[in-house]
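In: coords below, sequence missing:
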């Protein structure tokens, strides 16, 4: 198969994948989250505040923790009341959703306090985690997680909140349930959510939108391939260094043994004659397994 045919086949495969994407998928959500109106619409529903205003939004917002590890937030939004909201989407169950949210929230918090400012200036943080599985397995549309004092059940607010949205809840009698239907079902649209439905329709059903998503998908797979190649190169480099070190250890052990046997001429020869060195290694260390260093 020629490179042109291979590219054509890959493009067709990507177009098919695009047709199956929905807002719950990272790729489509990242494009939709570029729209301030979309972010505002879904946050109004999820946080049950229809006066809520998003004044700034950034899709795929990258920040680093204190140790330099990079974190990419699906969508970072600043609200009119000063709150910072991180919206995350997850279409498959990960190892520990709550710890993921805790970690992302801590990094976002640490990066929200300016130097030489006191803690009173730290903005309120809200983490919204939308998943295609039920994190708490109670079949609720949404879970608002609060801090409470044991024994009296009094809510203690410290400026940080977590909201978990169950996109596959069977209850579709409320706005969140109906919005999540648009998020997860291929042909589901709802006039109640014009920006969500409109953007989804654009990316799934219009030629221009599908092309944009296909290009993004190809870029995504290209980035993945480059990352895999980089990882492979690093592994090969590490293996070569390790092999060199093991070879040096073998030669050092052989030289020590030859020295103890007063075989000075052989020591000189093994440094010049690879085949002779190999022969002596096999003769003098027959018990050693290939690749291991003799003691």
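Out: Structure received. Just so you know, these numbers come straight off a predicted model, no measurement behind them.
In: Could I get the full set of helices for the stretch 51-200 of the chain?
Out: Taking DSSP state H, counting those that start in this stretch as the criterion, the stretch 51-200 of the chain contains helices spanning 97-110, 175-184, 194-205.
In: wait, isn't residue 131 in contact with residue 100?
Out: No. Contact criterion C-beta atoms under 8 Å: residue 131 and residue 100 do not qualify, at 10.3 Å. C-beta here means a position set from N, CA and C on the backbone, and glycine is covered the same way.
In: Including distance to residue 64 and mean pLDDT, could the helices of the stretch 51-200 of the chain go into a markdown table?
Out: Listed next are those as a markdown table, based on distance: least, C-beta to C-beta, whole Å; pLDDT from 0 to 100:
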| stretch | distance to residue 64 | mean pLDDT |
| --- | --- | --- |
| helix 97-110 | 8 | 94 |
| helix 175-184 | 29 | 97 |
| helix 194-205 | 30 | 95 |
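In: Comparing those, which stretch has the densest surroundings?
Out: Among these, ranked by average contacts under mean count of other C-beta atoms under 10 Å, first place goes to helix 175-184 (a mean of 21).
In: quick check: angle from that one to helix 194-205?
Out: 20 degrees (axes from the mean of the first three to the mean of the last three C-alpha atoms, to 10 degrees).
In: elements contacting helix 175-184?
Out: When contacts are defined as 3 or more C-beta pairs under 8 Å, 6 or more residues apart in numbering; DSSP states H and E, helix 175-184 sits against helix 36-46, strand 160-166, helix 194-205.
In: Out of the ones you listed, the one nearest residue 107 is which?
Out: Among the helices and strands packed on helix 175-184, the nearest to residue 107 by C-beta to C-beta is strand 160-166 (12.7 Å).
In: Which secondary structure elements does the closest one sit against?
Out: Here strand 160-166 touches helix 97-110, strand 125-131, strand 142-145, helix 175-184, going by 3+ C-beta pairs under 8 Å, 6+ apart.
In: hmm, try it at 6 Å
Out: If contacts are counted by 3 or more C-beta pairs under 6 Å, 6 or more residues apart in numbering; DSSP states H and E, strand 160-166 sits against strand 125-131, strand 142-145.
In: Would you reformat the helices of the stretch 51-200 of the chain as TSV and include distance to residue 274?
Out: Putting the helices of the stretch 51-200 of the chain into TSV (distance: least, C-beta to C-beta, whole Å) gives the following:
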stretch	distance to residue 274
helix 97-110	52
helix 175-184	63
helix 194-205	61
